[in-house]
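Enquirer: From the sequence below, what's the structure:
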Amino acid sequence: MCIILIKPWFKAITEALPIRTAVFVQEQGVPEELELDRFDADAHHALAYLGPLCVGTARLIGLAGEKGQIGRMAVLDEHRRNGIGGALLKALLKLGRSQGIREFELHAQVTAIPFYQSLGFGPFGEVYDEAGIPHRNMILILK
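Expert: Model (predicted):
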């Protein structure tokens, strides 16, 4: 079972950045200069731990109104399909809900759409290219 901790970027960077680099830059070929952006500093970062080892990360950015955006979800290859991504997502949804967020958006890689649908997100809009990878926007509106 994993433990999820929420941290600000200045505390998360030493564990989150190597995971994001391994998944996005090394595995998926995303240009390194696109991996970090101006939103990291203000985002809430969820980190997944198996014992002392951090194996996954994701972030929540607060948007205008009651909206938030989840992104940069990454789990190390050898720890995928064990519920870690779902635990990260659920932790960020819970955090967002506690902060008054009712509408969550994300940019899903097309191959991950079924994963997000299983957690209540619905696709909208057309497929588009982001960093050389096909994506589609998804949304979850809480009642």
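Enquirer: got the contact list for the residue nearest the centre of the chain?
Expert: Residue closest to the mean C-alpha point of the chain, counted by CA atoms, centre = their mean, is M73 at 2.8 Å. With contacts defined as CB atoms under 8 Å, 6 or more residues apart in numbering, the neighbours of M73 are 56-58, 85, 88-89, 106. Glycine gets a C-beta too; all of them are placed from N, C-alpha and C.
Enquirer: Mean pLDDT per helix and strand in this protein: which one sits at the bottom?
Expert: Averaged element by element with mean pLDDT, DSSP states H and E, the chain has its least confident helix or strand at helix 32-35 (a mean of 82).
Enquirer: Need the three-state assignment for the residue nearest to the centre of the chain.
Expert: Following DSSP: H, G, I helix; E, B strand; the rest coil, M73 is assigned to strand.
Enquirer: separation between it and F121?
Expert: As for M73, its distance to F121 is 12 Å (criterion: CB to CB, to the nearest Å).
Enquirer: and P134, how many residues sit next to it?
Expert: For P134, the neighbour count with other CB atoms under 10 Å is 12.
Enquirer: now do Q99
Expert: 12.
Enquirer: quick one: it from G62, how far?
Expert: Between Q99 and G62 the computed distance is 7 Å (CB to CB).
Enquirer: got any residues that touch both of these two?
Expert: Contact criterion CB under 8 Å, 6+ apart; residues shared by Q99 and G62: G68.
Enquirer: just to revisit the earlier point, which residues are in contact with both of M73 and F121?
Expert: In terms of CB under 8 Å, 6+ apart, M73 and F121 are both contacted by the residues L106.
Enquirer: rewinding a little: closest one of the contacts of M73 to K67?
Expert: K67 lies nearest to L106 out of the contacts of M73, by CB to CB, at 11.5 Å.
Enquirer: could you say which helix or strand contains the closest one?
Expert: Per DSSP states H and E, L106 falls inside strand 103-109.
Enquirer: elements contacting the next helix or strand after that strand?
Expert: The helix or strand immediately downstream of strand 103-109 is helix 113-117, counting by DSSP H and E. Secondary-structure packing of helix 113-117 (3 or more CB pairs under 8 Å, 6 or more residues apart in numbering; DSSP states H and E): helix 84-98, strand 133-141.
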